[in-house]
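Structure of the sequence below:
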Amino acid sequence: MARIVVVDDEPDICDLLREILSLAGYDVLVASDGDSAMALLRHQPVDLIITDIFMPGKEGIETIMELRRDFPTVKIVAMSGGGTTGELHYLRDAVQLGAVRTILKPFGEEDVLRVAREALAS
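Residues are numbered from 1 along each chain as shown. Next up, the predicted model:
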């Protein structure tokens with residue numbers, strides 16, 4: 001089964017996603033920010049990154065840009081509960097920068113599994 005890294009500064013979100021994805025048979029690692037995620041990828045291959053957009057330190061958009069540059073084959077799902085601020089549409093921007101799917105918080109178990117399957121198949 002695929003290896004997935006969940007990147008979010010909220011431990012509850014990481015725990016929830018780890019539980020949902022692990023029960024579906026995925027190997028799941030977690031990182032609290034973009035720098036931690038990049039360090040994980042440098043030591044072991046992964047198939048999918050699910051990253052929050054708004055985090056302290058290296059946030060999601062910056063992480064997506066770095067992933068595209070350093071790991072062009074890894075699939076990326078952008079995740080946010082913030083959606084838009086002013087004229088900026090962060091999830092749309094994430095797709096333009098290389099995310100293959102997006103997911104809105106709050107999410108349901110079925111949404112997470114569907115998005116993960118679709119992203120891995122893309």
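
Need the residue closest to the centroid of this structure.
Centroid-nearest residue in the chain: Ile50, 1.4 Å away (criterion: Cα atoms, centre = their mean).

after the helix or strand hosting that residue, next one along is what?
Secondary structure assignment for Ile50, by DSSP states H and E: strand 48-52. As assigned by DSSP H and E, the chain's next helix or strand after strand 48-52 is helix 60-70.

Report the distance from that following helix to the chain centre.
On the basis of Cα atoms, centre = their mean, to the nearest Å, helix 60-70 sits 11 Å off its chain's mean C-alpha point.

Contacts for it next, please.
With contacts defined as Cβ atoms under 8 Å, 6 or more residues apart in numbering, helix 60-70 is touched by 7, 33-34, 37-38, 41, 49, 51-54, 58, 74, 76, 78-80, 90, 93-94, 97-99. Backbone N, C-alpha and C define where each C-beta goes, glycine included.

Can you mark which positions in that helix are buried?
Gly60, Ile61, Thr63, Ile64, Glu66, Leu67 (16 or more other Cβ atoms under 10 Å).

So which of the residues you listed is the closest to Lys105?
Distance to Lys105, by Cβ to Cβ, is smallest for Gly60 among these, at 12.2 Å.

Please tell me the pLDDT value assigned to that closest one.
Gly60 carries a pLDDT score of 89 in this model.
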